[in-house]
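Novice: got a structure for you, letters missing:
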């Protein structure tokens, strides 16, 4: 009898834990999406003011890693908002399309 109660309590705890974990992830994902959109907006504003932007500018402007800066620039290029000039290396820069 005691085992049945323990198993029931354990299963209820697991179910509640999974429920709250999923609920928290949704909030985190929406916060990340908002931050990403805000960062992209900052990048576009920078390009409007300075006519071009490089990966290092993005890293400093929004405080992200090199890989994240590349990802932002790539996404903005695929969205048709930026044009890449150059292929690889420190001479690559982006302008408004």
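Specialist: Arrived safely, thanks for sending. Here the structure is a predicted model, which means the values were calculated and not measured.

Novice: which residues does residue 72 contact?
Specialist: By C-beta atoms under 8 Å, 6 or more residues apart in numbering, the residues touching residue 72 are 36, 39-40, 43, 58, 62, 64. Every C-beta, even on glycine, is put in place using the N, C-alpha and C of the backbone.

Novice: Who are the packing partners of the helix or strand hosting residue 22?
Specialist: Element membership of residue 22 [criterion: DSSP states H and E] is helix 2-50. With contacts taken as 3 or more C-beta pairs under 8 Å, 6 or more residues apart in numbering; DSSP states H and E, helix 2-50 sits against helix 55-62, helix 66-78, strand 93-96.

Novice: ok, 10 Å please
Specialist: Judged by 3 or more C-beta pairs under 10 Å, 6 or more residues apart in numbering; DSSP states H and E, the packing partners of helix 2-50 are helix 55-62, helix 66-78, strand 82-85, strand 93-96.

Novice: Count the neighbours of the nearest residue to residue 92 once chain neighbours are set aside for me.
Specialist: Once flanking residues are discounted, residue 92 sits nearest to residue 86: 3.8 Å by C-beta to C-beta, 6 or more residues apart in numbering. Using other C-beta atoms under 10 Å, residue 86 is surrounded by 11 other residues.

Novice: Tell me how far the residue sitting nearest the centre point of the chain lies from residue 75.
Specialist: Central residue of the chain (C-alpha atoms, centre = their mean): residue 36, 4.7 Å from the mean position. Distance of residue 36 to residue 75, computed by C-beta to C-beta, to the nearest Å: 9 Å.

Novice: Also residue 7?
Specialist: Distance, residue 7 to residue 75, by C-beta to C-beta: 48 Å.

Novice: And those two? Which one has more around it.
Specialist: Each of residue 7 and residue 75 has its neighbours counted (other C-beta under 10 Å); residue 75 has more, 14 against 10.

Novice: how about the more buried one, what does it touch?
Specialist: When the contact criterion is C-beta atoms under 10 Å, 6 or more residues apart in numbering, the partners of residue 75 are 36, 40, 43, 81-82.

Novice: Now mean pLDDT too, for the helices and strands packed on helix 2-50, in CSV please.
Specialist: CSV is the format used below for the helices and strands packed on helix 2-50 (pLDDT from 0 to 100):
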stretch, mean pLDDT
helix 55-62, 95
helix 66-78, 95
strand 82-85, 96
strand 93-96, 95
